[in-house]
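Enquirer: Next input, structure requested:
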Amino acid sequence: MRDIEIYVDGDACPVKAEVYRVAGRYGLKVFVVANSFFMVPDDPRIERVIVEGGFDAADDWIATRVQPGDIVVTADIPLADRCLKAGAAAIGNTGVPFTADSIGMALASRALMADLRAMGEITGGPKPMAGRDKSRFLSALDETIVRLRRARTTGRR
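Expert: Numbers count the residues shown, from 1 in each chain. Coordinates of the predicted model:
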């Protein structure tokens, strides 16, 4: 059985350095996927993946490769939904995990916000990341790795 792999939706991910640090501590493979060139540390466990194609090409690359027990780091709610359905864990950039219980509400909120933006009611984007967001992300990623590894040894998720 292969170890956990971490997939990062890398186009606008503000926590890549944190992912590298935690993955390095556990010796996990990281795939950072984006539509354009970007820098990654010189580490054989970190792989830069540049995809060509449309708007969702990076999402499609991740969703078709992720396996049960892997981790996806993304702020993209539809991608998180696809990965949860594939049996992976999904964590938002602010450290809030997506779960089977929360993804429906997240999708509905996303649709509502899109409608409000289309009507001109909302013109700003998400709030900038705060230090506590990065701290929450580090904790969530660490806890998810420990939970998934424990599940592999006990046979339970």
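Enquirer: Report whether Val8 is found in a strand, as I expect.
Expert: Yes: per DSSP: H, G, I helix; E, B strand; the rest coil, Val8 lies within a strand segment.
Enquirer: which residue ranges form the strands in the chain?
Expert: 5-9, 29-34, 46-50, 71-73, 89-91, 97-98 (DSSP state E).
Enquirer: can these go into TSV with extra columns for mean pLDDT, mean neighbour count and distance to Gly131?
Expert: C-beta here means a position set from N, CA and C on the backbone, and glycine is covered the same way. Putting the strands of the chain into TSV (pLDDT from 0 to 100; neighbours: other Cβ atoms under 10 Å; distance: least, Cβ to Cβ, whole Å) gives the following:
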stretch	mean pLDDT	mean neighbour count	distance to Gly131
strand 5-9	97	25	20
strand 29-34	97	22	23
strand 46-50	96	16	24
strand 71-73	96	27	18
strand 89-91	95	26	18
strand 97-98	88	19	19
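Enquirer: what ranges of the chain fall below the confidence cut-off?
Expert: Judged by pLDDT under 70, the chain has its weakly predicted residues at 102-119, 121-127, 155-157.
Enquirer: give me every residue that touches the residue most central in space within it.
Expert: With distances taken as Cα atoms, centre = their mean, the residue of the chain nearest its centroid is Val73 (1.2 Å). Residues in contact with Val73 (Cβ atoms under 8 Å, 6 or more residues apart in numbering) are 6-9, 13, 15, 19, 90-93, 141.
Enquirer: circling back: now for the strands of the chain, which one comes closest to Phe137?
Expert: strand 89-91 (7.1 Å; Cβ to Cβ).
Enquirer: one step back: just the closest of the contacts of Val73 to Asp42, please.
Expert: Val19 (15.8 Å).
Enquirer: Could you tell me which residues make contact with that closest one?
Expert: By Cβ under 8 Å, 6+ apart, the residues touching Val19 are 6, 8, 13, 30, 32, 73, 141.
Enquirer: swap in Asp142?
Expert: Residues counted as contacts of Asp142 (Cβ under 8 Å, 6+ apart) are Val22.
Enquirer: That one and Met1, how far apart?
Expert: Separation of Asp142 from Met1 (Cβ to Cβ, to the nearest Å): 21 Å.
Enquirer: next one: Arg45
Expert: 18 Å.
Enquirer: higher neighbour count, those two?
Expert: Between Arg45 and Met1, counted using other Cβ atoms under 10 Å, the more crowded position is Arg45 (16 against 4).
Enquirer: Wait, the more buried one touches Tyr26, no?
Expert: No: assessed by Cβ atoms under 8 Å, Arg45 is found out of contact with Tyr26, at 9.8 Å.
Enquirer: Since that was my last question, I'll sign off now.
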